[in-house]
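Participant: I'll drop the sequence and a predicted model, then ask my questions.
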Amino acid sequence: MKTDQNNTIEETTIAIIGAGVSGLTLATFLRKSGVACVVVERRDRAYTETRQRAGVVDARAVKMFEHWGLAEKLLSGPVAQTIDYRLNDSSHIFEIVGEDGSPARFCTQQMLIVNLLKELIDVMAGDVRFDVTDVIIQNEENQRPQITYSNASGSHELICDYIIGCDGDRGVSRSSIPDSILTKYSHEFGYAWLAALVEAPVTGHPIMGISDHGCVAQLPRGPHRSRYYLQCELSDGSEDWSDERLWNEIRLRLNDETIKNAMVHDKFFVPLRCVVYSPMQYRNLFLAGDAAHLVPPASAKGMNLALYDIDILAQALLSALQNQDTAALENYSDTILPHIWNYQDFSVWMTDMMHDAGDPTQHGTFRQMTARARLDNLFHSPTAARLHSEYQRGTN
Ligand code: RFL
């Protein structure tokens, strides 16, 4: 390392921007394989460890962690094998079954991040730099790429072989790719979900509730908490949803007057949309996770698609670095995108079905009846159920 007072110049093999689930999983896989890497993150460790989001690691991702020899250390929480699809009064317990292999796990994203940081920093002595600002990417043709960033000790240059953009939808990585290279494909659903983390556990099965009053879901977030999601207008704001209104709507939409108010830890809005950016690479920069694609939470696939990207990318990087075979890296985007489009289709299918089958205000009664027919098919056709299970498991 060269040091010039407050300016350092260093080298590493892989520079990863973002210590979310994508960046930390990649760094852990690389570190376990003996590859030098540095993760730079704009938040502090405590913040990244307490950010609540996804709740299910799907069966494909569980297998991936098993393959990398990390499942026991990283995954906690019970297996996830059922969903209660509730259409107004009637309950249909849908079993997510696979013919082989591991079940999905109710492991919260927060717990996965805590375990990744423990493994990467405390066990493997990995290099994660929190509280960085002003990350700038230099990714010129025929030159080693580099990132520059600042932190409390000054400004720093990190020269590397590859830069991996794991910095989510609002990061700097994707925006460093010229507009002429990148295409954005997007779909807006026209409504939002209010996401509320509450101090009340799921007592039976996780619920996907379809109701004439709008969609509601209750999913586990650890042994004592649940995340409720309620369909709402795009024009709504937090000020429109008092805790009392939230609980009244939950009781109404689940048709269950016995549900008691509990402490609400947080509430925020998620406008439902799907986005794909293509290609997911430019010169020596590779995008993974939310930096490259977004799906609505209705399908519970965002974190799992991020983990899929990382599995493919980690193998491609190892092949390039250890065997001097860059073919998989050159084909990274072409390998990933068909899988992403497949799961975008699943997300649109799930989201439309759950919303259209309920409140007909947005798309009318014709779409309501076709969506209910689709649900009915799911409960009565073993073929439809099997396909749905494969998507839920992440194995399609
Ligand atoms: P993340 O988790 O957003 O991490 C990106 C990291 O990059 C950092 N960063 C920067 N660092 C340095 N310099 C910069 N300039 C930077 N800009 C950003 C950020 O601070 C952050 O630490 O992206 P990643 O790793 O790609 O992971 C993606 C997942 O987080 C996301 O897909 C899921 O959370 C989506 N998601 C769900 N996925 C599921 O599989 N199942 C679910 O049930 C589920 N529920 C959800 C969700 C996402 C939600 N929100 C808030 C969007 C529920 C919600 C409400």
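Facilitator: Cool, the structure landed.

Participant: the spatially closest residue to residue 43 that is not a sequence neighbour: what's it in contact with?
Facilitator: Closest residue to residue 43 apart from its sequence neighbours, by Cβ to Cβ, 6 or more residues apart in numbering: residue 130 at 6.6 Å. For glycine as for every other residue, the C-beta is placed from the backbone atoms N, C-alpha and C. Residue 130 sits next to 19, 41, 43, 44, 45, 48 when contact means Cβ atoms under 8 Å, 6 or more residues apart in numbering.

Participant: is it correct that the second one is in contact with residue 23?
Facilitator: The one in question is residue 41. Yes. Using Cβ atoms under 8 Å, residue 41 makes contact with residue 23 at a distance of 7.4 Å.

Participant: who has more neighbours out of the two?
Facilitator: The neighbour count for residue 41 versus residue 23, taken as other Cβ atoms under 10 Å, is higher for residue 23 (30 against 23).

Participant: wait, what's in contact with that one?
Facilitator: 16, 17, 39, 41, 164, 166, 167.

Participant: re earlier: farthest-apart pair in the contacts of residue 130, please.
Facilitator: 19 and 44 (10.0 Å; Cβ to Cβ).

Participant: more neighbours: these two, which one.
Facilitator: residue 19 (29 against 10).

Participant: chain neighbours aside, what residue packs nearest to the more buried one?
Facilitator: residue 41 (3.6 Å).

Participant: how near is that neighbour to residue 61?
Facilitator: According to Cβ to Cβ, to the nearest Å, residue 41 and residue 61 sit 22 Å apart.

Participant: what does residue 258 give?
Facilitator: 35 Å.

Participant: can you check residue 169 too?
Facilitator: 20 Å.

Participant: what about the two, which has more around it?
Facilitator: residue 61 (29 against 13).

Participant: doesn't residue 308 make contact with the more buried one?
Facilitator: Yes. If you go by Cβ under 8 Å, residue 61 and residue 308 touch, sitting 7.3 Å apart.

Participant: and the pLDDT at residue 276?
Facilitator: pLDDT, residue 276: 98.

Participant: quick one, what contacts it?
Facilitator: Contacts of residue 276 (Cβ under 8 Å, 6+ apart): 184, 185, 186, 292, 293, 337, 340, 341, 344.

Participant: what's the closest non-adjacent residue to residue 176?
Facilitator: residue 137 (4.3 Å).

Participant: direction included, what does the strand or helix carrying that neighbour pair up with?
Facilitator: If you go by DSSP states H and E, residue 137 is part of strand 133-138. Sheet pairing of strand 133-138 (DSSP bridges) gives strand 146-151 (antiparallel).

Participant: list the buried residues of the partner strand.
Facilitator: In terms of neighbour count (16 or more other Cβ atoms under 10 Å), strand 146-151 has its buried residues at 146, 147, 149, 150.

Participant: which of those residues lies closest to residue 177?
Facilitator: For the buried residues of strand 146-151, the minimum distance to residue 177 (Cβ to Cβ) is 14.5 Å, reached by residue 147.

Participant: which residues touch that closest one?
Facilitator: Counted by Cβ under 8 Å, 6+ apart, residue 147 has contacts 15, 17, 40, 135, 136, 137, 138, 157, 158, 160, 163.

Participant: wait, the fifth one touches residue 175, no?
Facilitator: Read it as residue 136. No. Residue 136 is beyond contact range of residue 175, at 10.9 Å (criterion: Cβ under 8 Å).

Participant: the stretch 251-396 of the chain: strands as residue ranges?
Facilitator: Assigned by DSSP state E, counting those that start in this stretch, the strands in the stretch 251-396 of the chain fall at 264-278, 281-282, 285-287, 293-294.

Participant: contacts for the last one?
Facilitator: What it means is strand 293-294. Residues contacting strand 293-294 (Cβ under 8 Å, 6+ apart): 169, 273, 274, 275, 276, 277, 302, 305, 340, 344.

Participant: strand partners (parallel or antiparallel) of it?
Facilitator: Strand 293-294 sits in its sheet next to strand 264-278 (antiparallel), going by DSSP bridges.

Participant: does the ligand sit close to the partner strand?
Facilitator: Yes. Using Cβ under 6 Å from any ligand atom, strand 264-278 reaches the ligand at residue 270.

Participant: point out the most buried one among the strands of the stretch 251-396 of the chain.
Facilitator: strand 285-287 (a mean of 27; mean count of other Cβ atoms under 10 Å).

Participant: residues making contact with that one?
Facilitator: 137, 139, 145, 162-165, 173-174, 176-177, 277, 280-281, 313, 329, 332.

Participant: partners of it in the sheet?
Facilitator: strand 162-165 (parallel), strand 281-282 (antiparallel).

Participant: touching the first one from outside, list them.
Facilitator: Where contact means Cβ under 8 Å, 6+ apart, the residues beyond strand 162-165 that reach it are 13-18, 23, 26, 137, 139, 145, 147, 171-174, 176, 284-288, 291-292, 313, 317, 329.

Participant: got it, and the last one?
Facilitator: Where contact means Cβ under 8 Å, 6+ apart, the residues beyond strand 281-282 that reach it are 139, 176, 177, 178, 181, 182, 287, 329, 332, 333.

Participant: so which pair among those residues is furthest apart in space?
Facilitator: So, the contacts of strand 281-282 by Cβ to Cβ: farthest apart are 178 and 329, at 20.1 Å.

Participant: if you count what's nearby, which of the two comes out ahead?
Facilitator: Counted by other Cβ under 10 Å, residue 178 and residue 329 do not tie: residue 329 has more neighbours, with 22 against 8.

Participant: okay, the residue lying closest to that one once chain neighbours are set aside: pLDDT?
Facilitator: Nearest residue to residue 329, sequence neighbours excluded (Cβ to Cβ, 6+ apart): residue 316, at 4.3 Å. Residue 316 is assigned 98 on the pLDDT scale.

Participant: I figured residue 316 hits residue 333, correct?
Facilitator: No. Look at residue 316 against residue 333 with Cβ under 8 Å: they stay out of range, at 10.6 Å.

Participant: neighbour count for the two, which is higher?
Facilitator: Between residue 316 and residue 333, residue 316 has the larger neighbour count (other Cβ under 10 Å), namely 23 against 18.
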